[in-house]
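**Student:** could you work out the structure for the sequence below:
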Amino acid sequence: MGLFSFFSREKKATLDKGLTKTKENFFSKLSKSILGKSTVDDEVLDNLEETLISSDVGVDTTLKIIDNIQERVKRDKYISITELNGILKSEIAQLLNQHHDDEFEDFTSPLPKKPYVILVVGVNGVGKTTTIGKLAYQFKQAGKSVMLGASDTFRAAAVDQLTIWSERVGVPIVSQGMNADPASVAYDTLQSALSKNADVVLIDTAGRLHNKIGLMNELSKIKKVMQKLIPDAPHEVLLVLDASTGQNAIEQAKQFTAATEVNALALTKLDGTAKGGVIIGISDQFKIPVRYIGLGEQMTDLQVFNAEAFVESLFEQEA
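**Tutor:** Take a look at the predicted model:
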């Protein structure tokens, strides 16, 4: 199967456009780090290390990449600056691919369970509810029936926002309003999804992080209650992170992975930031696949993350 056999021209254009700021940032720094050099030496590696760290790849992941390139230099004795791009590209691709889920290539891909239950977590302001709305739209467009659950009952605005999305996309929502028991909402949502034979269930949760114990208890209770109806639910615990916050997104990932068993990531607002390199660090450090990326305001601008397409786009210089 060719690289872009399922990756349409439109999607590639959206990805290229969404990564513009990251590419500009990355390549201007990369160019400076190799300026006037013809081969890879210690100075180039030091500059490259600085470039990767300042591009929000993260210290640990950067050191891993640099170590691998150093090994290559030792082994091959001579590596030209032209070869460096190719080596860097393959190192990043390898890091992103080691936790990538090949089964789920697009929203049209068959889902392993029915209903497929996605519990969505993340702090307020990262685009969590918007991501749920866009996911509902994409799954519906792919011919799947979708149901939403408003278990972020901590803020009235969250329930209202999700209700607006359900109306906009044209999918049912289960809501008990503000201050309702989040676990009770999740239970009712699954009950309704089972009776209506829904394909996908998306459940919103509260985004407060000031009390990790409280968050952990709430998420555990939601899971326990859902498992009374569907023993292996939720099938996906999706952590939504705002890519534009760079290293702060990594900190949030630490907090949430400590509080619950996150097994998928969504990175939003990539189009508005030069910090897209954070995807590489997060994927590597947390050993969790990046499942979705947000590349713009439109409902179609949320894509299933494709590691190869991401790396191709990142290293594709403008003609």
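**Student:** and the lowest-mean-pLDDT helix or strand in the chain, what does it pack against?
**Tutor:** Least confident helix or strand, the chain: helix 20-33 with a mean of 82, by mean pLDDT, DSSP states H and E. Contact here means 3 or more CB pairs under 8 Å, 6 or more residues apart in numbering; DSSP states H and E; on that basis helix 20-33 packs against helix 42-54, helix 307-315. Backbone N, C-alpha and C define where each C-beta goes, glycine included.
**Student:** can you list the weak-confidence ranges in the stretch 151-300 of the chain?
**Tutor:** Along the stretch 151-300 of the chain, segments meeting pLDDT under 70 span 209-212.
**Student:** which residue ranges of it form helices?
**Tutor:** For the stretch 151-300 of the chain, helices defined by DSSP state H, counting those that start in this stretch occupy the ranges 156-169, 182-195, 212-226, 247-259, 278-286.
**Student:** what's the most buried one of those?
**Tutor:** Greatest average neighbour count among these goes to helix 278-286 (a mean of 24), per mean count of other CB atoms under 10 Å.
**Student:** tell me the contacts of S184?
**Tutor:** By CB atoms under 8 Å, 6 or more residues apart in numbering, S184 lies in contact with 176, 225.
**Student:** ok, back up a step: in a markdown table: the helices of the stretch 151-300 of the chain, plus distance to L52.
**Tutor:** Shown next, in a markdown table, are the helices of the stretch 151-300 of the chain (distance: least, CB to CB, whole Å):
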| stretch | distance to L52 |
| --- | --- |
| helix 156-169 | 36 |
| helix 182-195 | 40 |
| helix 212-226 | 30 |
| helix 247-259 | 13 |
| helix 278-286 | 8 |
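**Student:** who does the residue nearest the centre of the chain bridge with?
**Tutor:** In the chain, the residue lying closest to the centroid (CA atoms, centre = their mean) is A266, at 2.4 Å. For A266, the beta-bridge partners are V240, Y292 (DSSP bridges).
**Student:** who touches it in this structure?
**Tutor:** Taking CB under 8 Å, 6+ apart, we find A266 in contact with 131, 238-241, 290-294.
**Student:** how about D188, what does it touch?
**Tutor:** By CB under 8 Å, 6+ apart, D188 lies in contact with 149, 174, 176.
**Student:** quick one: which of the helices and strands packed on helix 20-33 is nearest S192?
**Tutor:** Ranking the helices and strands packed on helix 20-33 by proximity to S192 (CB to CB) places helix 307-315 first, at 35.5 Å.
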